[in-house]
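Asks: From the sequence below, what's the structure:
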Amino acid sequence: MTAIAKTLIHNRGTSSSYNDRGNTSNPLSQYSPALSELSGASRGILGEAGMRRFNDFWNQKEGWYPGGGGERLSRNAVRYFNNFSAFLESLPFPVNIFMGLEGSLEITWRNAEGKLFDVEFFDDRIEYYFEATAEEDCIKPALIKTLVEKIMKQF
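Replies: The predicted structure is shown next:
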């Protein structure tokens with residue numbers, strides 16, 4: 001389970017979504033260079049606030065994390081997220097988006113019962129955790145469609 005998933009489970013109900021607190025003062029057109037990296041399906045899943053947050057991640061430089069750690073956002077991670085989004089097309093629940101220290105792109109959401117779903121796209125793999133079934137695994141990007149099928153069975 002990713003560190004963010006553990007924190008979200010531990011802080012259930014106290015963690016706020018970027019979608020709830022995003023900066024709405026800047027029009028999305030200002031972010032078009034970063035957003036051109038996202039497919040239409042990915043933009044639809046993230047929503048406006050998620051796209052703003054993605055833009056922030058895209059513009060992070062190496063060493064962005066306090067103390068000098070943190071890699072740039074991985075282009076492969078973005079590509080895998082786009083592939084994932086193409087199969088999934090939409091989610092009926094608000095999505096949170098995070099950037100990991102390894103340059104990963106992580107999305108989380110809760111189902112109707114409040115159970116956490118966490119999918120993290122790395123440069124060379126995808127890790128996921130489904131709280132409802134306590135399923136956790138690491139897969140090759142070639143298995144994205146299988147992952148989406150598992151997710152769809154839980155809706």
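Asks: Find the residue at the geometric middle of the chain.
Replies: Nearest to the geometric centre of the chain sits Ile107, at 2.2 Å (Cα atoms, centre = their mean).
Asks: Quick check: neighbours of the strand or helix carrying that one in the sheet, parallel or antiparallel?
Replies: For Ile107, the host element (DSSP states H and E) is strand 105-110. Strand 105-110 has the following strand partners under DSSP bridges: strand 96-99 (antiparallel), strand 116-121 (antiparallel).
Asks: Identify the residues contacting it?
Replies: Under the criterion Cβ atoms under 8 Å, 6 or more residues apart in numbering, residues 2, 4-5, 8, 45-46, 54, 57, 73-74, 77-78, 81, 91, 93-100, 116-121 lie in contact with strand 105-110. (C-beta placed from N, C-alpha, C; glycine too.)
Asks: Disregarding residues adjacent in the polypeptide, which is nearest to Ala132?
Replies: Lys115 (3.9 Å; Cβ to Cβ, 6 or more residues apart in numbering).
Asks: do you know how far the residue of the chain most remote from its centre is from Trp58?
Replies: Distance to the chain centre peaks in the chain at Gly67, reaching 23.8 Å (criterion: Cα atoms, centre = their mean). Separation of Gly67 from Trp58 (Cβ to Cβ, to the nearest Å): 22 Å.
Asks: Report how many residues lie close to the residue nearest to Ala132.
Replies: Residues lying near Lys115 (other Cβ atoms under 10 Å) number 16.
Asks: mind listing what it touches?
Replies: Lys115 is in contact with Phe130, Glu131, Ala132, counting by Cβ under 8 Å, 6+ apart.
Asks: Quick one: buried ones out of the contacts of strand 105-110?
Replies: Buried subset of the contacts of strand 105-110 (neighbour count, 16 or more other Cβ atoms under 10 Å): 2, 4-5, 8, 45-46, 54, 57, 73-74, 77-78, 81, 91, 95-100, 116-121.
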